[in-house]
Each structure stands twice: as structure tokens, then as C-alpha cells.
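J.: Make a model of this:
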Amino acid sequence: MKARAVLGISLVVLPLLACRPGARKDNKGELMSIENLAETYWQDRLDDDPIESTHVGDRRRDARVPDPRPESIARQEARLRGRKAQLVAVQPDGLSHSDRVNRAQLLFEIEKDLATIDCGMSQWSVDPNNGPQSALLSLGELQTVSDPASGAALVARWEKLGEYLDANTANLRRSLAQGKVAPRAAVSRVLRQLDTLLATPAADWPLAQPARTVHADWPEGVAQAFSAQVDRAVADKILPAWRRLADFLRDELLPVARDDAHAGLAHIPGGEACYKQMILVHTSMALEATEIHRYGLEEIARIDAEIATLGEKLFGTRSLTEIRAALFRPEGMFKTREQIEETAKNALARASAVLPKMLGKLPKTPCEVKRLQPFEEQDAPIAYYRQPSDDGSRPGAYHVNTFAPETRPRFEAEVLAFHESVPGHHVQIAIAQEMTGVPAFRRHTGVNAYVEGWALYTERLAQEWGLYSDDLSRLGMLSFDAWRASRLVVDTGLHALGWTRQAAIDFLSQHTLLADNNIANEVDRYIVWPGQALAYKIGQREMLSLRALAESKLGARFDQRTFHDAILDQGALSLGVLRAEIERWLERH
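T.: Take a look at the predicted model:
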């Protein structure tokens, strides 16, 4: 299905007579190309979020923090609206093909940004996984220090982190007065994180770890001064701000937080309109929640039948309840953290070995397996992928959750590794980052439905290439597909249909093979990240449709490797642009 990404935001469009195709005038009257517009957008974005700049490997902003105050967000919104007007004023007729794609993708990125600002969730959301209280803690690992200058930048940022967190706390307090409050389950999870962290000695905090690194090659006294400054920033600036956040959450927000019966956006002022925007942000398609809900139910029925067939072969029963019970017997669970990590490494190695059969163009950047850190593992999902840095200082990383190994089943370990690393996220994201001749924003950003759709598509692709070691692991593949189909039902149920948190938990328990601890974590993730869970199946559906189209048109000439190259070689496109590009590719073949 193709759809245009139109948000319905009223904008003043610059007169078309002032521009020739592919260019517009800047404030000095000089003509700018699509390439210039794209680069200006990207640099503005990194200026607004210096931490993202560090993540992607552009280290020029390492001393800075974002400004989350409402007046700063308003300035960003005004600038984005101006950028969109400038971009719309560039007529696509007469542009080169690459510039037409750049224009379409840049327009979508700007619309995503505007929709996110319009929803304003960053002003009132409390997120155990992606909130500032959690995301900032990984900076000690990501912001590497190699010389006194990079050390000075880290110290300068660390000294501002307390102020940054206080600004986020002020946003929560302001939103509370407006009737926009986070759900109780999320607030409780974050409070537990903060209580654990605040009970930890300052020297043992993740953000204090740079002070423990030895820099023997630095001038005498400089390394010692750096370590002392880091420790002082953590103790005097960072810890007090974390403590103030904890006090606010416990004393002011938790008593009035939304209860489990009112968990979704449907119970927030303006929530219905916000959810429509989040559907578009994460899927790049103007889909109705009821349509997505119905598709999810259809997919669950289809996949449940596959699970029943394989369950009968393995356990002599077609009952999902009985299959689930059999899978979670003690002998089917991991016993140690080391077993989880080793299984992930073995799956990554096997997939990497057969990758040349799947693709013609391979990623150059390696991928490594890492455990989630202690501060995040209890409330985190079962795994995630972190992209490599653009400067080559950090490879791609498949972060696997080894917390409470006795609760983590073996049958889903392989499919998880294939999704997060190879041939899933790492392959797609590394190839995108290694693209040449395209604007930086296309190498580092993209549409969620494309990114997650590719990773989900590769779970079945791994079966085609014989990567699953046994029927139990193939059952894991079916379980994960059912899980993503259930997300379509649960996410729309919570945010559009008014479901309770317990109703969402019950649905996942009845229609997936996930462990109980993962189910609660997943539901709470959907509650605080509306629409993101829709991306997986919507993207997979489009890629399977495009493959069927290619197989039909090419017949015996269809080659999986060249098809996958065509899917991957332009980065994470919006689904409408992706279809147009594959149709164009088919015309040439």
C-alpha cells in the first residue's frame, strides 16, 4: 500500500516563482541546492541534540547538552516550519532522480519532527527505557576520551547534565499542571531505577567510569585533574539532579499518575490526534488504527495455526497454552548469563558466514555482542541494537539482556540475534551509514517501518538459509512473528480503543509464547512509546509484497541477492518511496 506522508499542518509556502527547480534562495539571495538544504537540516538537528551528534560519531558538540525548555522547542518548531516551506518551494520537476528521493525523504523527516513536537510527549512522558534518566547513563561508554581536549569536552558536558535533567523535571511539573501525566507503571519503574542508582556510591555510577580510566600518555597532572573533575561533576551536579527528579516523581507525580485502566494516549488531552500522528511517524503511512487492529488479528490467526502445527510435532499438542508451558520448563531456560551471551555470539557468527548468499553488497563495519548494563537490564527489553559511530571508533553492537537467565528461554535466542544483528539491524544500518553520495541525514535517520520491517523480514529469511539449528528455534521464529502481530492489536487497543494495561498483558499472554517478565516490560514499552510497535509488521508486509512483485515480474530471473541490494542500497526510505524505487528497479531489469 502506498500513502503520502501528509500531516495536515498549515504552512506558508514560499512563492514558486522565486526558485528554479532544485534550488532556493538563502537570506543572502544565493541559490541553494537540495544538497545544501539537506545538510542545513542535518546540522540544525545535531545542534539541537548534541547527544545525538555524539552517538553518530560527530564529536564537535561533545561539550554540550540539548535544551528541552519550551521556548527552545518553540524555536526548533518555527525553524522546521520554515525549512519545510523552503523545501516545498523546490519543484520536483527537473530534479535529478537522486534529488527527488532526497527531497521526498527530507520532507518526511521534517514532518516527523513537526509531528513529534506537536504531540509534545517529551514534555510529559516518563520512560524507563529511553527517558533522560536512563539514556544519559550510557554516555560514559559512548563518549570516548582519547586526549585532554576530549576529556575537557566530557567534563564540560557532565557539568551541564544536572541542569539538563532539572529542565526535564520542570517540563514534567509544567505538564502536570496541564493535566498531562505519565502512567503509574512507568513512573514506578523509573523510581525503582533511580532508587537503585541513588543507593550506589557516586564513584561507582556509570557516568563516573571515565574517571577510572588511566591516561598514562597525558601530561603530568592532567589525567588526575580530569578524573577529579569527573568525580566532582557526578557528586555535585548529577546526583543532586537525579535525587530531585526522584523526589518529584515520588511526591508529586506518582499520586496523580494515570492508573492501569487509563494507560494509553486515549486518556490524555489531545491523545487521539497525537496517536494518528505517531502512526504516520512510525509507519510512514496514513493508516487508520482500526485498519491496523484488524490486520493484526488476521496475522495472529495465521501465525497461531503455524505454531499449532509445529507444536504438535514437538510436544504432541496444538494448544498454545500447552505449547507455552512446555517451552518454559526449567530445562528449556538458560542457566547462566554466559550461556545467553555465547548463544548470541554463535548465532551472529553463523549468520555472518552465510551473509554473502543473501546480499551482493556487504557491510564493512563489524558487529559485536555486548551485555546490557546493570542499571538498565531489569526494565529493558530482551535486546537492542546500537549503531556504529560514523567516525569508526565504535562498531555496531547487539546488546543482549542477561538479567535473571533462568527466566530467559533458549528457543527464542537465535531469532533474537538474527533480528538485532545479522542479517537484521546491523546489516541494514551499517550499509546505510556506509553509503556515499547521499546527504548525511539519509545515512543516519530513516523510517521506523523500514528499519524494523527489514529486521523482521530477515527472521524468516534466516529460515530460508537454514540458520535455525532445530525446530525449537524455528518455533522461536514463529513466536516472534506472532509477538509483532500482537503488537498491532495491543498498541492500537491501548492508544485508540481505550484498553487497560491488564487487557494488553492478557492479550499477549494468550497469543504469544513470550515469558511473563518480558510481556509486562513490553506492554509498558508500548504505553510510553505509542506507534513504534506498529512499525515491524507494517514494514515486513511491504517488503514481502515487494518481493512477491519482483518474483512475479522477473520469474526465473529473480535473484534474491540483487533484490535485497535494491532494498538496502538507499537507506531507510519511507515505504511509499521504497515501493516507487523497487518499481523503478524492476523496469530496468
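
J.: Can you get me a residue count around residue 363?
T.: 23 (other C-beta atoms under 10 Å). No exception for glycine: its C-beta is placed from N, CA and C like everyone else's.

J.: residues in contact with it?
T.: The contact partners of residue 363, by C-beta atoms under 8 Å, 6 or more residues apart in numbering, come to 426-427, 430-431, 434.

J.: ok, 6 Å please
T.: By C-beta atoms under 6 Å, 6 or more residues apart in numbering, residue 363 lies in contact with 427, 430-431.

J.: Now for those, which sits with the most neighbours around it?
T.: residue 427 leads the contacts of residue 363 on contacts (other C-beta under 10 Å) with 27 neighbours.

J.: what about stretch 323-332, start to end distance?
T.: End-to-end distance for stretch 323-332, by C-alpha to C-alpha, to the nearest Å: 12 Å.

J.: Give me the contacts around it.
T.: Contacts of stretch 323-332 (C-beta under 6 Å, 6+ apart): 311, 315, 409-411, 513.

J.: ok, and for it, which residues are buried?
T.: 323-324, 326-328 (16 or more other C-beta atoms under 10 Å).

J.: Closest one of the residues you listed to residue 527?
T.: Proximity of those to residue 527 (C-beta to C-beta) peaks at residue 324, which lies at 23.4 Å.

J.: ok, that closest one to residue 519 distance?
T.: To residue 519, residue 324 is 11 Å away according to C-beta to C-beta, to the nearest Å.

J.: Next: residue 170.
T.: Per C-beta to C-beta, residue 170 is found 34 Å from residue 519.

J.: Who has more neighbours out of the two?
T.: residue 519 (20 against 15).

J.: tell me the contacts of that one?
T.: Counting by C-beta under 6 Å, 6+ apart, residue 519 has contacts 505, 508-509.

J.: Can you tell me which of those end up in helices?
T.: 505, 508-509 (DSSP state H).

J.: From those, list the buried ones, please.
T.: Buried among those by 16+ other C-beta under 10 Å: 505, 508-509.

J.: ranges for the helices of the stretch 101-250 of the chain?
T.: 121-124, 132-135, 139-142, 148-177, 184-198, 222-233, 239-248 (DSSP state H, counting those that start in this stretch).

J.: Make JSON lines out of those and add distance to residue 80 and mean pLDDT.
T.: Listed next are the helices of the stretch 101-250 of the chain as JSON lines, based on distance: least, C-beta to C-beta, whole Å; pLDDT from 0 to 100:
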{"stretch": "helix 121-124", "distance to residue 80": "15", "mean pLDDT": "94"}
{"stretch": "helix 132-135", "distance to residue 80": "22", "mean pLDDT": "86"}
{"stretch": "helix 139-142", "distance to residue 80": "26", "mean pLDDT": "89"}
{"stretch": "helix 148-177", "distance to residue 80": "19", "mean pLDDT": "97"}
{"stretch": "helix 184-198", "distance to residue 80": "28", "mean pLDDT": "94"}
{"stretch": "helix 222-233", "distance to residue 80": "33", "mean pLDDT": "97"}
{"stretch": "helix 239-248", "distance to residue 80": "28", "mean pLDDT": "97"}
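
J.: Which of those helices sits closest to residue 564?
T.: helix 139-142 (30.1 Å).

J.: Quick one: distance of the closest one to the chain centre.
T.: The gap between the average C-alpha position of helix 139-142 and the chain average comes to 18 Å, counting by C-alpha atoms, centre = their mean, to the nearest Å.

J.: Any buried residues in it, and which?
T.: Those would be 139-141, for helix 139-142 by 16+ other C-beta under 10 Å.

J.: May I have the phi/psi pair for the residue lying farthest from the centre of the chain?
T.: Note on the chain: the largest C-alpha distance from the chain mean falls to residue 220, namely 42.4 Å (C-alpha atoms, centre = their mean). The phi and psi values for residue 220, taken as degrees, to the nearest 10, are phi -60, psi 130.

J.: Same check on residue 125?
T.: phi -80, psi 140.

J.: Any idea how many residues pack against it?
T.: Using other C-beta under 10 Å, residue 125 is surrounded by 24 other residues.

J.: so how far is residue 172 from it?
T.: Counting by C-beta to C-beta, the gap from residue 125 to residue 172 is 9 Å.

J.: Repeat that for residue 50.
T.: For residue 50 relative to residue 172 (C-beta to C-beta), the value is 22 Å.

J.: next one: residue 427
T.: 38 Å.

J.: before we move on, what about residue 511?
T.: For residue 511, the distance to residue 172 - C-beta to C-beta - is 34 Å.

J.: And the helices in the stretch 251-400 of the chain, which stretches?
T.: Applying DSSP H, counting those that start in this stretch to the stretch 251-400 of the chain gives helices spanning 271-283, 289-315, 320-327, 337-358, 374-377.

J.: Quick check: pLDDT value at the spatially closest residue to residue 176 that is not a sequence neighbour.
T.: Counting by C-beta to C-beta, 6 or more residues apart in numbering, residue 176 lies nearest to residue 253, which is 6.3 Å off, once chain neighbours are set aside. Here, the pLDDT recorded for residue 253 equals 97.

J.: wouldn't residue 425 be in contact with residue 385 here?
T.: Yes: counting by C-beta atoms under 6 Å, residue 425 does reach residue 385; the two are 4.0 Å apart.
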